[in-house]
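Below are the sequence and a predicted model for it; my questions follow.
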Amino acid sequence: MEISIEHLNQYYGKKQALRDVNLTISSGMFGLLGKNGAGKTTLMKVLSTLLKKSEGTVKVCGVPVEHAKEVRSMVGYLPQDFSMYGSMSAYEAMDYLGALSGLSKQERKERILPLLEKVNLDAQVKTKVKAMSGGMRRRLGIAQAILHDPKVLIVDEPTAGLDPEERVRFRNLLCETAQDRIVILSTHIVGDVEATCEHIGILDEGELIFNGTVGQLLSMTEGRVYSAEISKLELPKVQSMYPVTSMLAVGGSVTVRFISDVPPVFPAKLCRAGVEDAYLYLMHVEGGEL
Ligand SMILES: Nc1ncnc2c1ncn2[C@@H]1O[C@H](COP(=O)(O)OP(=O)(O)OP(=O)(O)O)[C@@H](O)[C@H]1O
């Protein structure tokens with residue numbers, strides 16, 4: 001079970017949204033990170049055949065994306081702007097979408113209730129979609145995306161707007177789903193990827209600037225992350241010298257966390273790198289700012 005992408009270029013008219021992307025994704029959770037406009041949605045749409053690729057080779061479990069019908073039967077997609085028929089109940093919406101994707105009445109009957117249970121919506125079977133919270137709707141989105149039991153599940157920016165509890169619940173659901181399939185989580189929220197994904201790809205202006213494990217990403221920043229307590233007055237100077245990854249102000253002083261290739265010129269403590277540090281470091285290196 002594998003997705004393989006070779007020399008993928010994608011254009012919207014003259015605008016190039018993906019630049020020579022080469023990537024192999026195996027089963028489990030894969031996190032695709034990148035800031036707004038990096039090309040994540042474009043890549044997800046090519047994989048789910050919603051967008052015809054411009055150039056390159058893209059195969060889902062050995063099948064080229066040109067064979068859209070076959071690929072669609074293997075892929076479930078939860079888009080960023082997912083919305084459902086508000087006046088239907090959770091069950092009715094699932095039943096309707098299942099019928100659209102070609103499942104028989106019997107298959108729908110067998111699958112829908114266990115799936116709603118799996119995504120923790122067994123108490124909402126008769127609840128109208130419009131009366132559900134954002135988190136419930138997202139979970140219903142996952143249930144509909146895996147209704148036809150796809151080998152690949154693609155989710156685009158799934159946790160935006162969720163409260164912390166719902167966010168954790170949703171992430172756990174994705175991890176469970178990834179036990180026997182490929183799950184691609186596309187997001188600009190580093191914490192979501194850090195908590196769930198072993199493999200990460202980072203897109204920047206259409207280019208894949210990192211592809212590897214969380215450990216490999218962290219090792220790029222190890223020995224370069226520092227923390228120091230400075231006065232508020234010194235903050236602008238420190239910010240102009242180093243990429244600051246976090247700061248905490250208490251009274252007149254600020255504890256800053258920042259990245260430097262060489263030991264800083266003022267007293268600072270070396271810290272263990274986190275994924276957020278590594279991500280920001282990579283973005284700065286790519287942007288030529290270090
Ligand atoms: N239909 C379109 N026509 C023209 N340009 C587009 C179109 N869709 C996307 N783009 C451009 O392609 C680039 C990549 O967009 P894409 O939506 O894939 O990025 P993204 O990483 O998913 O960002 P976001 O997190 O904001 O959705 C951006 O510069 C965007 O403006």
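Structure received.

Check the closest residue to the ligand within the stretch 101-250 of the chain and give its pLDDT.
Of all residues in the stretch 101-250 of the chain, His188 sits closest to the ligand, at 5.6 Å by CB to the nearest ligand atom. Where C-beta positions appear, they are placed from N, C-alpha and C, glycine not excepted. Looking at His188, its pLDDT is 86.

Let me see the contact set for it.
33-36, 38, 40, 157 (CB atoms under 8 Å, 6 or more residues apart in numbering).

For the helix or strand of the chain with the lowest mean pLDDT, which helices and strands make contact with it?
One helix or strand of the chain scores below all others by mean pLDDT, DSSP states H and E: helix 164-177, with a mean of 84. Helix 164-177 is packed against helix 134-145, strand 152-156, strand 182-187, helix 190-196, with contacts defined by 3 or more CB pairs under 8 Å, 6 or more residues apart in numbering; DSSP states H and E.

So which bits of that helix are buried?
166-167, 169-171, 173-175, 177 (16 or more other CB atoms under 10 Å).

tilt between it and helix 134-145?
20 degrees (axes from the mean of the first three to the mean of the last three CA atoms, to 10 degrees).

Now do helix 164-177: distance to the chain's middle.
Per CA atoms, centre = their mean, to the nearest Å, the displacement of helix 164-177 from the mean C-alpha position of its chain is 13 Å.

show me the contacts for the residue sitting nearest the centre point of the chain.
Taking CA atoms, centre = their mean, the centroid of the chain lies closest to Ser186, which sits 2.3 Å from it. By CB under 8 Å, 6+ apart, the contact set of Ser186 is 32, 40-41, 43-44, 154-157.

What is the neighbour count of Leu18?
25 (other CB atoms under 10 Å).

who does it bridge with?
Gln10 (DSSP bridges).

Show me the beta-bridge partners of the residue nearest to the centre of the chain.
Leu32, Asp156.

distance of it from Pro150?
16 Å (CB to CB, to the nearest Å).
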